[in-house]
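Student: Quick one, fold the following:
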Amino acid sequence: DVQLQASGGGSVQVGGSLKLSCAVSGHSFDEYIIGWFRQTPGNEREGVSAISAVDDSTYYAASVKGRFTISIDNAQDTVYLQMNSLQPEDTAVYYCAARGTRRSRYEYWGQGTLVTVSS
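Tutor: The predicted model follows:
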């Protein structure tokens, strides 16, 4: 099985930045798509960004495009989410997840890391 460990959450003021990390272990890293999701109480989990470890193609939700950047360090088996210009609506628990490139659903999930943006 694949294990994912998310870290890097914290509290920042509006306009600030945070960088989340997702360390992946347990299987060959380059066969997966790694995604970042976020969730607030009472709401469904929202896809934020994703990156393919196969070809480095990326996806961003419209709400974060231009502010967030996803990247991958294949040597460290780690995916990063650089979050800039943070807004209160970015406050959420952020999760990273992995799915095989031929899978439509994310199969493996890490624990969440809390991001709080205050004005």
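
Student: Geometric centre of this protein: which residue is closest?
Tutor: W36 (2.5 Å; CA atoms, centre = their mean).

Student: Can you tell me the strand partners of the helix or strand containing that one and which way each runs?
Tutor: Using DSSP states H and E, the element containing W36 is strand 32-39. According to DSSP bridges, strand 32-39 has the following sheet partners: strand 46-52 (antiparallel), strand 92-100 (antiparallel).

Student: Just name the most buried of these.
Tutor: strand 92-100 (a mean of 22; mean count of other CB atoms under 10 Å). The way it works is simple: take the backbone N, C-alpha and C, and place the C-beta from them, glycine included.

Student: Pull the distance from it to the chain's centre.
Tutor: 6 Å (CA atoms, centre = their mean, to the nearest Å).

Student: Stretch 92-109 now?
Tutor: For stretch 92-109, the distance to the chain centre is 9 Å (CA atoms, centre = their mean).

Student: What's the mean pLDDT across that stretch?
Tutor: Regarding stretch 92-109, the rounded mean pLDDT is 95.

Student: what's that stretch in contact with?
Tutor: By CB atoms under 8 Å, 6 or more residues apart in numbering, the surrounding residues in contact with stretch 92-109 are 1-4, 6, 9, 20, 22, 24, 31-40, 45-46, 48, 52, 54, 79, 81, 110-115.

Student: what about P88, how many residues close to it?
Tutor: 11 (other CB atoms under 10 Å).

Student: Just the pLDDT at it, thanks.
Tutor: 97.
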